[in-house]
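Enquirer: Could you look at this predicted model? Sequence included:
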Amino acid sequence: MISKNQVKHITSLHHKKNREKERLFIVEGVKMMDELLKSSCEVHSVYALEEWVVENALILENKEFELTTISAATLEKISTLTTPQKVLALVNMPDYEIKIDALEDSLSLVLDDVSDPGNLGTIIRVADWFGIRHIVCSENTVELYNPKVVQATMGSLFRVMVHHQPIANILKANKNTVQLPVYAAVMGGESIYTAELKKKGLIIFGNESMGIKRDLFHYVDHTLTIPSFSTGSDYAESLNVAIAAAVVCSEFRRRR
């Protein structure tokens, strides 16, 4: 049985300020719960339809979190989704810090003010697919625990470490210490298909409409673009940032 106070608490977490205060975020749906329960993330509590509880009885035997069986009507009240999906969990936000030496043996992404939740979620999923374990986001990039971001990752946020902090600090630290090559995805750079690409480095993607801030180019070693193969005078002006990230990451990994 779920109390009115619990319902109020869960619905308060639909808002960023309360998520940050409580250090909790919401995970919803069967697929997302499967990924969550396989991860090392600390689950605070789970609210589920009896059907889901029965279906997952064996998995739930050894889990140490509060489990509450609720009705479909209650799930609809607490859900952030238009169509709730059997189960909702509250998860503790992980505490981790990023230092530049953690990135020195890898390929990592840097996001400058990416504002659309679907784009951030998809980029996290792209990073997961291509084995990229770290994404550094500017402070004005959309919040990682926005429910739309969480849902768009399809569970990849449990495997990719996403860090919100001033990205100029990371780029400056890189320039002064490990000196990884820094790439910027822009409209007028060298073709991604002919440019020399290293196995390790930092790849910057900019805001959907404004691109990468000018002052960050002080740290950029190479500018890259995905060339258009459209013919004629009428063609798309640009690619969606999440699609661009997928193409760029794919080409970097192909070169390995």
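Expert: Structure received.

Enquirer: Report the secondary structure state of S45.
Expert: strand (DSSP: H, G, I helix; E, B strand; the rest coil).

Enquirer: Let me know whether it touches F65 as I believe.
Expert: Yes - using Cβ atoms under 8 Å, S45 is in contact with F65, at 5.7 Å. Quick note: C-beta positions are derived from backbone N, CA and C, even for glycine.

Enquirer: Name the SS class of K172, please.
Expert: K172 is classified as helix under three-state DSSP.

Enquirer: Once you drop chain neighbours, what's closest to it?
Expert: Y219 (6.9 Å; Cβ to Cβ, 6 or more residues apart in numbering).

Enquirer: Counting neighbours, what do you get for that neighbour?
Expert: Around Y219 there are 18 other residues, counting by other Cβ atoms under 10 Å.

Enquirer: how far away is it from C137?
Expert: 16 Å (Cβ to Cβ, to the nearest Å).

Enquirer: And the helix or strand where Q151 lies, what's buried?
Expert: Per DSSP states H and E: Q151 is located in helix 147-153. Buried residues in helix 147-153, counted by 16 or more other Cβ atoms under 10 Å: P147, V149, V150, Q151, A152, T153.

Enquirer: before we move on, the earlier item: check the contact between the residue nearest to K172 and A173; I expect there is one.
Expert: No - using Cβ under 8 Å, Y219 is not in contact with A173; the gap is 10.0 Å.

Enquirer: And the pLDDT for S233?
Expert: The confidence metric pLDDT takes the value 68 at S233.

Enquirer: Which residue ranges of the stretch 151-256 of the chain form strands?
Expert: 161-164, 182-191, 201-205, 222-225 (DSSP state E, counting those that start in this stretch).

Enquirer: Kindly present those strands as TSV, with separate columns for distance to L111 and mean neighbour count.
Expert: TSV is the format used below for the strands of the stretch 151-256 of the chain (distance: least, Cβ to Cβ, whole Å; neighbours: other Cβ atoms under 10 Å):
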stretch	distance to L111	mean neighbour count
strand 161-164	9	19
strand 182-191	11	17
strand 201-205	6	23
strand 222-225	15	19
